[in-house]
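A.B. asks: pasting the sequence and the predicted coordinates here, then a few questions.
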Amino acid sequence: MAAGIKRLQRIQFGKESVAGTAVAATTRWRGAGTMLDDQRKIEEIEELMGIIDGADRTAVVQLLGMITLADTPLTSDQLQYLLVMGAGGPTTGSADGAGSDKIYVTNFPTTAKPTTTPYTIQAGDDFEVEQMEYTVCTKITLKGAMGQTCKMGGTLLGRQVARLGGGFAAATIPAIGEFPTQSGKLYMDAIGGTYGATQVSTTLIAWQVDIEFHWQPVFTMDGNLYFAYPSYTGQKISGQITYLNDTPADGNTGALVDFRAQTPKLMRIDLTGGAVTTPGTTYSTRKCLIDLPVKLLNPGPLGDDNGNDIRVFKFRSRYNTTAANAGKITNVLDITPLP
């Protein structure tokens, strides 16, 4: 008998055509994870029956599963899966002229709940494979720092975890492309202007965006221990940007002025990757554009980065009436539709 090994672990995704009906997971997640976590709820039943400490009587009363996707280099190709499961993003991109690239735009919900496309997740090693169906994304973390690729991670919630007899489905290993942090750019514009018009140069040294999708599993008395459906009850988008303590951060015309006056801004984090196979009309490289209306929060006192003074501005992003949007993420990749 041979035990499974870590280097042969993998995670696979499969798009469900009917929510909750498991399908073959035919594409591999190119990153790390913690494997599936069976979170079934077990009730320990206490009773007085003349035995010290009672008997080992238990009941399984609810089924639930989750998986944490550890930080891995951010790619537009695989981030789109999380946006599909989290915010109802598109699974098919728009054509960019005659280019091989496809454009996927995910708008954050405002006046209507998103209709998500759930996925079946398979995870395990060379010894045993488990499966979770009706999977949605409840959190995405995106971040970047100097001398590194940008990173992404997330949390997925599903209906139940069960052993998958027969092992992994046959799955492709997708071609993907990373985003070196220093190849990116930051833009800050007036709330009534346009995303991506005014670059903030030679100032940003780190950034992070945290996106929480509040998918609440709804359990009903319908003959099943797993949830009937997940309900979208809201979202929270926050993060931080780390500036060198220079003109763009100052209290004269910089970010401190915007914080103190609570002036909303249009923030774009523009990430650029490698070339697509055939350039399109608008794009010739892989892209991830994070567009958010933001208000800066208290940066606190000056910080330090290798002897350089820094300002760490936290922010919160919400719908802005002047901009008339709650933000969006645009991914440009070389594949359509998502498997």
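C.D. replies: Great, that's in hand.

A.B. asks: please read off the pLDDT at the residue nearest to the spatial centre of the chain from the model.
C.D. replies: In the chain, the residue lying closest to the centroid (Cα atoms, centre = their mean) is I140, at 2.7 Å. Looking at I140, its pLDDT reads 98.

A.B. asks: same question for G223.
C.D. replies: Predicted confidence (pLDDT) for G223: 97.

A.B. asks: check T263 too.
C.D. replies: T263 is given a pLDDT of 98.

A.B. asks: same check, this time on M1
C.D. replies: 57.

A.B. asks: the stretch 201-339 of the chain: strands as residue ranges?
C.D. replies: Assignment of strands within the stretch 201-339 of the chain using DSSP state E, counting those that start in this stretch yields the ranges 204-218, 229-244, 265-275, 285-296, 303-305, 308-317, 328-333.

A.B. asks: okay if I get these as JSON lines plus mean neighbour count?
C.D. replies: In short, each C-beta sits where N, CA and C put it, glycine included. Compiled in JSON lines, these are given as follows (neighbours: other Cβ atoms under 10 Å):
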{"stretch": "strand 204-218", "mean neighbour count": "19"}
{"stretch": "strand 229-244", "mean neighbour count": "18"}
{"stretch": "strand 265-275", "mean neighbour count": "21"}
{"stretch": "strand 285-296", "mean neighbour count": "23"}
{"stretch": "strand 303-305", "mean neighbour count": "12"}
{"stretch": "strand 308-317", "mean neighbour count": "19"}
{"stretch": "strand 328-333", "mean neighbour count": "24"}
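
A.B. asks: which one of those strands lies closest to P109?
C.D. replies: Shortest distance between P109 and these, using Cβ to Cβ, is found for strand 229-244: 6.6 Å.

A.B. asks: packing partners of that closest one?
C.D. replies: For strand 229-244, the elements it packs on are strand 204-218, strand 303-305, strand 308-317, judged by 3 or more Cβ pairs under 8 Å, 6 or more residues apart in numbering; DSSP states H and E.

A.B. asks: reformat those as TSV; add distance to S100 and mean pLDDT.
C.D. replies: Output for the helices and strands packed on strand 229-244, formatted as TSV (distance: least, Cβ to Cβ, whole Å; pLDDT from 0 to 100):
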stretch	distance to S100	mean pLDDT
strand 204-218	28	98
strand 303-305	40	96
strand 308-317	32	98
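
A.B. asks: as TSV, those strands with distance to A162 would be great.
C.D. replies: Listed next are the helices and strands packed on strand 229-244 as TSV, based on distance: least, Cβ to Cβ, whole Å:
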stretch	distance to A162
strand 204-218	17
strand 303-305	47
strand 308-317	37
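
A.B. asks: so which of those strands is nearest T110?
C.D. replies: strand 308-317 (12.3 Å).

A.B. asks: let me know the angle separating the closest one from strand 285-296.
C.D. replies: Per axes from the mean of the first three to the mean of the last three Cα atoms, to 10 degrees, the angle that strand 308-317 makes with strand 285-296 is 90 degrees.

A.B. asks: and the angle for strand 308-317 with strand 229-244?
C.D. replies: 150 degrees.

A.B. asks: give me the angle between strand 308-317 and strand 204-218.
C.D. replies: Strand 308-317 and strand 204-218 meet at an angle of 30 degrees, taking the same axes, to 10 degrees as the criterion.

A.B. asks: so what strands line up beside strand 308-317?
C.D. replies: strand 229-244 (antiparallel), strand 285-296 (antiparallel), strand 303-305 (antiparallel) (DSSP bridges).

A.B. asks: kindly reformat those strands as CSV containing distance to I51.
C.D. replies: Formatted as CSV, the strands paired with strand 308-317 follow (distance: least, Cβ to Cβ, whole Å):
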stretch, distance to I51
strand 229-244, 41
strand 285-296, 60
strand 303-305, 60
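
A.B. asks: how about the helices of the protein, start to end?
C.D. replies: Here the chain has its helices, by DSSP state H, at 76-87, 255-261.

A.B. asks: closest to I67 out of those?
C.D. replies: Nearest of the helices of the chain (Cβ to Cβ): helix 76-87, 11.4 Å.

A.B. asks: tell me what that closest one is packed against?
C.D. replies: strand 102-107, strand 119-124, strand 129-145, strand 151-158, strand 204-218, strand 285-296, strand 328-333.

A.B. asks: and that helix, how far from the chain's centre?
C.D. replies: 6 Å (Cα atoms, centre = their mean, to the nearest Å).

A.B. asks: buried sites along it?
C.D. replies: Neighbour counts over helix 76-87 (16 or more other Cβ atoms under 10 Å) mark 76-87 as buried.

A.B. asks: kindly report the same for stretch 123-139.
C.D. replies: Quick answer for stretch 123-139 (16+ other Cβ under 10 Å): 123-125, 129-139.

A.B. asks: try stretch 91-103
C.D. replies: Of the residues in stretch 91-103, those buried (16+ other Cβ under 10 Å) are 91, 93, 96, 99, 101-103.
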